[in-house]
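*Asks:* can't give you the sequence, but here's the structure:
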């Protein structure tokens, strides 16, 4: 493609030069020659022979000057056009590498013009693809790991029961039931994540009262919070009226955040749900007391299957999908998510267009 585009650009430049030479040639023949004839008559000089000499000399000069200019133009055009098209050539090669699964190559940027901006945009796209591919591979590994553990436990119990090593008991059936529920929960989380990915463009927006929605979600968590003696406080004094959002998707967001707050709040702790009105949007804050999130883990808590090493326990940390689902659903609404943490307190927030 580079060769074809190079010759096309060269052909355009040669055509333009040819048009300019033709225009100069005609100007000499029709304007300069007539002016020269009039000038000769003013001085009583026979113009015919001199006129022809003038035309011949002008044409020779024009031809040689045009050839020199054309040669110089072709040389400079080849050199400069090759330099301009070099990033495009790199993009073609790197595109082939990306198609083959290699995401590390990048285009060298030599300018800040449109081609340089295109190269910078191409590099950003390559960075995004590399990150997505890394997340995909990590997700496959994590899903396999999450599925393998309960399946291995179930297989061990069933083989022991089948071989007569263990006798059937209520405790064993309870353990098998818990592992089955864990598998079902993981599959359900994966299904919700897939639905969150597909939520872009499929939202059914209605007028929703955030305070009422919070109350509905809290009803399903009252027993769980009471069991840990966790105090829950809400403040919607800055928010009045309703917002336009998908109630089902937003219900899932609130549910995931309250589930996280319940899991990571210590016995006797406190959870606060605060609503703020900002210019053009509403910000919801879910604040809970607890150990906090380390600075190394905080930037990644919205990544799929990411869990800090302190939370690798499946009984406590889950599969690491809840906040990823929340992020997808909020961004589908045109909002943003974020988190801050300090020793003793963690704040997870999201915004929605008001």
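*Replies:* Received, thanks. Please read these numbers as outputs of a predicted model, since none were measured by experiment.
*Asks:* Could you check how far the residue nearest to the spatial centre of the chain is from residue 103?
*Replies:* In the chain, the C-alpha nearest the mean C-alpha coordinate belongs to residue 128, at 5.9 Å (Cα atoms, centre = their mean). For residue 128, the distance to residue 103 (Cβ to Cβ, to the nearest Å) stands at 10 Å. In short, each C-beta sits where N, CA and C put it, glycine included.
*Asks:* follow-up on the earlier one: would you verify that the residue nearest to the centre of the chain is located in a helix?
*Replies:* Yes. Counting by DSSP: H, G, I helix; E, B strand; the rest coil, residue 128 is located in a helix.
*Asks:* pLDDT below threshold where in the stretch 51-200 of the chain?
*Replies:* The model of the stretch 51-200 of the chain has pLDDT under 70 over residues 51-59, 62, 77-78, 80-82, 84-85, 135, 195-200.
*Asks:* change it to 80
*Replies:* Within the stretch 51-200 of the chain, the segments meeting pLDDT under 80 span 51-89, 92, 109-116, 131-132, 134-146, 149, 182, 185-186, 188-200.
*Asks:* Strands along that one, start to end?
*Replies:* Assigned by DSSP state E, counting those that start in this stretch, the strands in the stretch 51-200 of the chain number zero.
*Asks:* How about the stretch 251-354 of the chain?
*Replies:* Using DSSP E, counting those that start in this stretch, strands in the stretch 251-354 of the chain cover 270-278, 281-290, 337-342, 344-353.
*Asks:* Show me what the first one is in contact with.
*Replies:* By Cβ atoms under 8 Å, 6 or more residues apart in numbering, the surrounding residues in contact with strand 270-278 are 210-211, 214, 225, 230-236, 238-239, 258, 261-262, 265, 282-289, 351, 354.
*Asks:* Likewise for the shortest one?
*Replies:* Strand 337-342 is touched from outside by 292-294, 298, 301-302, 323, 326-327, 330-331, 346-351, with contacts defined as Cβ under 8 Å, 6+ apart.
*Asks:* Among those residues, name the buried ones.
*Replies:* 292-293, 298, 301-302, 323, 326-327, 330-331, 346, 348-351 (16 or more other Cβ atoms under 10 Å).
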